[in-house]
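Colleague: build the 3D model from these lines:
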Amino acid sequence: MAKLNDIINILQTIAPSSLALSFDNAGLNIGDRESEITGITVCLDATEKVVDEAIRSGNNLIVSHHPVIFSPIKNLNDGYENYRVVTKAVKNDVNVYSMHTNLDCVEGGVNDVIADLLGVKNKQIIDAVGENAGIGRVGDIQSTSLQDLAKFVEKSLDFPVRVISCGEKRVERVGVVNGSGADIEYIEKAKEMGATCFITSEIKHHVALYAKSAGMNMIESGHYATERFYIPILSQKINEALTKAGYNIKTTVSESESNPFSGESI
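Modeller: The predicted model follows:
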């Protein structure tokens, strides 16, 4: 049986923590590195339901994309889900490890795969953080109208989109950043790399105004939609890495997650 520290070493081969951005809290959020791992639940968010699911399944390690502790916890009372998640995990000896912006950045990670999913070819990294790694991808797509591209993104990610249009023109080169990637710096770099449309989620008002002024079309999907598709892929990568290392540890994708904006289960 493997100890948590053994598993962390394997997870580091999938997405090294050195690739995480400075603001991030990727890594071991809750846990004892010497604990013996009985099973792994993989999820986007380590919510209270996911912790309950892991406990029922006999899994004492949760590998989440988003850190369960991101901003400081200011109140330790049961009115806050983060407190309930942390205390329930601790009381039940459940470890929580986050693979966040390092998993976004790494080659073959979330940024790479969402670009592939949207048919982006000849990919280049928008903001490099290491060799063949970084935030965002810019690349070529088959020439299409902004309206048809928006419909394609909506269908591919199975989530409604919003569009910022700077005039109806053909789109042949796009920038893509999963999650809350609507950062003016990324948009500027994507434009410099020839993109005429930027696909991401959580576009703030001032960013929308900037995009209009800069002539950058934008397509906004949901944060959940631009990342949850990768969780089964991550689970498979972990499973393969564990098998290669000689460990027989059950790895399962959480069945308790749902999009907070739709309320529909996976």
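Colleague: tell me where the protein has helices.
Modeller: Assigned by DSSP state H, the chain shows helices spanning 4-14, 48-57, 81-91, 101-105, 110-117, 146-157, 184-192, 205-214, 231-244.
Colleague: the ones you listed into a markdown table, with extra columns for mean neighbour count, distance to residue 167 and mean pLDDT?
Modeller: Bear in mind the C-beta positions are built from the backbone N, C-alpha and C, glycine included. As requested, these are exported to a markdown table (neighbours: other Cβ atoms under 10 Å; distance: least, Cβ to Cβ, whole Å; pLDDT from 0 to 100):
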| stretch | mean neighbour count | distance to residue 167 | mean pLDDT |
| --- | --- | --- | --- |
| helix 4-14 | 17 | 42 | 98 |
| helix 48-57 | 19 | 44 | 97 |
| helix 81-91 | 17 | 44 | 89 |
| helix 101-105 | 27 | 31 | 98 |
| helix 110-117 | 22 | 24 | 98 |
| helix 146-157 | 18 | 9 | 96 |
| helix 184-192 | 17 | 15 | 98 |
| helix 205-214 | 14 | 10 | 96 |
| helix 231-244 | 17 | 36 | 97 |
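Colleague: wait, residue 20 sits on residue 26?
Modeller: Yes - the pair residue 20 / residue 26 is scored as a contact, 4.2 Å apart, by Cβ atoms under 8 Å.
Colleague: out of the helices of the chain, nearest to residue 126?
Modeller: helix 184-192 (5.0 Å; Cβ to Cβ).
Colleague: ok, and what's touching the closest one?
Modeller: Helix 184-192 is contacted by residues 126-127, 135-136, 138, 175, 177, 198, 207, 210-211, 214-216, 218 when judged by Cβ atoms under 8 Å, 6 or more residues apart in numbering.
Colleague: max pairwise distance over those residues: which two?
Modeller: 135 and 215 (22.1 Å).
Colleague: which of those two has more residues huddled nearby?
Modeller: residue 135 (23 against 11; other Cβ atoms under 10 Å).
Colleague: any idea what sits nearest that one, other than its immediate chain neighbours?
Modeller: Among residues not flanking residue 135 along the chain, residue 127 sits closest, at 4.5 Å (Cβ to Cβ, 6 or more residues apart in numbering).
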